[in-house]
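Trainee: the amino acid sequence is not available; the structure is as follows:
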């Protein structure tokens, strides 16, 4: 018995400098040994010094801190080592304590007493709660966005799915074993090769796995998913894991397909209407040419109005056909276009206007000298934007037009600025400026088709156009083209 007591005493001395509260008692609940933390906690709770040999039963009943010890010790004395968590409020702060009750025995195996170890686990509990809360929120985000997370262990050929991913793939957790082969069975047969090639490219070239493909679930239902992932490598640069996300994009894909179909139908409708109207319009214009003018003033006036209306309708149809042809540009015709050569052609076209207004055009293409696209489109774009700057010059001030190119991270920017009259630009006005027959200002003649054609040609070359303007302080058009 003495040997056992020494062993318990030595064990407690090991944690003498720690914050954990450790003590031991015999089977009659008499205190046999304790560490410094027990002494401090005892004094804090009961206001007196603990004494070896004192009965701990009344202490356990009186103290809030030790209140869970009676049952724990009784279980330990009955050969059942156990742990228990006990929450107490101290000065308005909630602390969580974990008590471990371990019986100790003599050489014959007879229980001699119990060793109790208390540890403050408040921080661990809070961390677990934060982790659970974070996982809960992450699950909610996945459910709301319909995005699931996955991780593929390539060495074990095991795929771990989040709960939302099971929902996306129409599977039940616990009933479906996620492996690469099982995933391939869900992917649409026509998309499997492309999917495999994208995964292999991701692993071999260390690039993002990024693909939209079809899956077949629920006995024939077809869905579209967007897979994105990244490969991870060990110290020898061998791939061992790929992880990423999967989002159900079925609604987006179907909506885009519907838009494309409606757009095609609209274009066909415009072509049919244009074709059917071409004959009657030509006949009306021809009749106006052979009409004998001057015999009847009233009839002359009526025929002139018919002629003007017919010519306007004819021009509108030509504009529509021109717009459609631009939107269907064959990108295989794109070539590197030198911006200096574009400006040279524009100078020829605008020589008269530039001379008449004494306009000054300054260019700086030092950052980007050439750009991919169609030269004829860039000539028309610069022509229209420079012409606008000349049209909307300030009275008594020669137009100063500045054009420069700029290389940015995701592409190229072309900027055309002037010192013209400018306008008070609202988001609604900015949108309408680029509409067909939109106008930058009502102060000049013109149909306003120029900026619409500019926008159409910019977008046909995968670019975007925006405008900034301040009344009395000029206008800047910014063209952004991707790499």
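Mentor: Cool, got the structure. All values reported here derive from a predicted model rather than from experimental measurement.
Trainee: let me know the average pLDDT across stretch 204-224.
Mentor: For stretch 204-224, mean pLDDT rounds to 90.
Trainee: just how off-centre is that stretch within its chain?
Mentor: Centre-to-centre, stretch 204-224 and its host chain are 19 Å apart (C-alpha atoms, centre = their mean, to the nearest Å).
Trainee: now stretch 23-31
Mentor: For stretch 23-31 - counting by C-alpha atoms, centre = their mean - the centre lies 62 Å from the chain centre.
Trainee: likewise stretch 468-483?
Mentor: Chain-centre distance of stretch 468-483: 27 Å, with C-alpha atoms, centre = their mean.
Trainee: next one: stretch 368-380
Mentor: Distance of stretch 368-380 from the chain centroid (C-alpha atoms, centre = their mean) equals 32 Å.
Trainee: give me the buried positions along that stretch.
Mentor: 368, 370, 371, 373, 374, 377, 378, 379, 380 (16 or more other C-beta atoms under 10 Å). Yep, even glycine has a C-beta here, placed from its N, CA and C like the rest.
Trainee: of all these, which comes closest to residue 394?
Mentor: residue 380 (25.5 Å; C-beta to C-beta).
Trainee: lowest-pLDDT helix or strand in this structure?
Mentor: The helix or strand of the chain with the poorest confidence is helix 2-14; it has a mean of 48 (mean pLDDT, DSSP states H and E).
Trainee: other SSEs contacting whichever helix or strand comes after that one?
Mentor: Of the helices and strands lying after helix 2-14 in sequence (DSSP states H and E), the nearest is strand 21-26. On a contact count with 3 or more C-beta pairs under 8 Å, 6 or more residues apart in numbering; DSSP states H and E, strand 21-26 meets helix 2-14, strand 31-34, helix 36-46, strand 111-120.
Trainee: next, the distance between the ends of stretch 152-162.
Mentor: 12 Å (C-alpha to C-alpha, to the nearest Å).
Trainee: what's in contact with it?
Mentor: 139, 142, 148-151, 169, 173, 178-180, 182-183, 239-243 (C-beta atoms under 8 Å, 6 or more residues apart in numbering).
Trainee: now the buried members of those residues.
Mentor: Counted by 16+ other C-beta under 10 Å, those give 142, 148, 149, 150, 151, 169, 178, 183, 241, 242, 243 as buried.
Trainee: among the residues you listed, which are in strands?
Mentor: Using DSSP state E, the subset of the buried ones among the contacts of stretch 152-162 located in strands is 148, 149, 150, 151, 241, 242, 243.
Trainee: which pair in those residues spans the largest distance?
Mentor: Farthest-apart pair in these is 148 and 241; separation 17.0 Å (C-beta to C-beta).
Trainee: on that earlier part again, hmm, which two among the buried residues of stretch 368-380 are most spread apart?
Mentor: Most distant of these, by C-beta to C-beta, are 368 and 380, 19.4 Å apart.
Trainee: ok, now how distant is the nearest residue to residue 165 once chain neighbours are set aside from residue 226?
Mentor: Sequence neighbours aside, residue 148 is the residue nearest to residue 165 in space, at 2.8 Å (criterion: C-beta to C-beta, 6 or more residues apart in numbering). Separation of residue 148 from residue 226 (C-beta to C-beta, to the nearest Å) stands at 11 Å.
Trainee: mutual contacts of those two, please.
Mentor: With C-beta under 8 Å, 6+ apart as the test, residue 148 and residue 226 both reach 246, 247.
Trainee: and what about the closest residue to residue 117 other than its chain neighbours, helix, strand or coil?
Mentor: Nearest residue to residue 117, sequence neighbours excluded (C-beta to C-beta, 6+ apart): residue 100, at 4.5 Å. Secondary structure state of residue 100, per DSSP: H, G, I helix; E, B strand; the rest coil, is strand.
Trainee: what's opposite residue 100 in the beta bridge?
Mentor: residue 83, residue 117 (DSSP bridges).
Trainee: please, where are all the strands along the stretch 101-250 of the chain?
Mentor: Taking DSSP state E, counting those that start in this stretch as the criterion, the stretch 101-250 of the chain carries its strands at 111-120, 147-153, 158-161, 209-217, 221-233, 239-248.
Trainee: not counting its neighbours along the chain, what's nearest residue 196?
Mentor: Here the residue nearest residue 196, using C-beta to C-beta, 6+ apart, is residue 184, at 7.8 Å.
Trainee: residues near the one you found, how many?
Mentor: Here the number of neighbours of residue 184 (other C-beta atoms under 10 Å) works out to 12.
Trainee: touching, residue 373 and residue 481? I think so.
Mentor: Yes: between residue 373 and residue 481 there is a contact at 7.4 Å, judged by C-beta atoms under 8 Å.
Trainee: which neighbours do those two share?
Mentor: Shared between the contact lists of residue 373 and residue 481 (criterion: C-beta under 8 Å, 6+ apart) are residues residue 461.
Trainee: for the stretch 1-150 of the chain, which spans come out with low pLDDT?
Mentor: Applying pLDDT under 70 to the stretch 1-150 of the chain flags residues 1-18, 90-92, 132, 134-145.
Trainee: distance check, the residue lying closest to residue 425 once chain neighbours are set aside against residue 395.
Mentor: Spatial nearest neighbour of residue 425, excluding adjacent residues (C-beta to C-beta, 6+ apart): residue 469 at 4.6 Å. From residue 469 across to residue 395, the span is 17 Å (C-beta to C-beta).
Trainee: comparing these two, which shows the higher neighbour count?
Mentor: Neighbours were counted for residue 469 and for residue 395 using other C-beta under 10 Å; residue 469 has more, 22 against 5.
Trainee: residue contacts, the residue nearest to residue 117?
Mentor: Neighbouring residues of residue 100 by C-beta under 8 Å, 6+ apart: 81, 82, 83, 116, 117, 118, 119.
Trainee: residue 41: which of those residues is nearest?
Mentor: residue 118 (8.0 Å).
Trainee: find the nearest non-adjacent residue to the closest one, please.
Mentor: residue 21 (4.0 Å).
Trainee: what about that neighbour, how many neighbours?
Mentor: By other C-beta under 10 Å, the residues close to residue 21 number 24.
Trainee: check residue 390 too.
Mentor: Neighbour count of residue 390, defined by other C-beta under 10 Å: 19.
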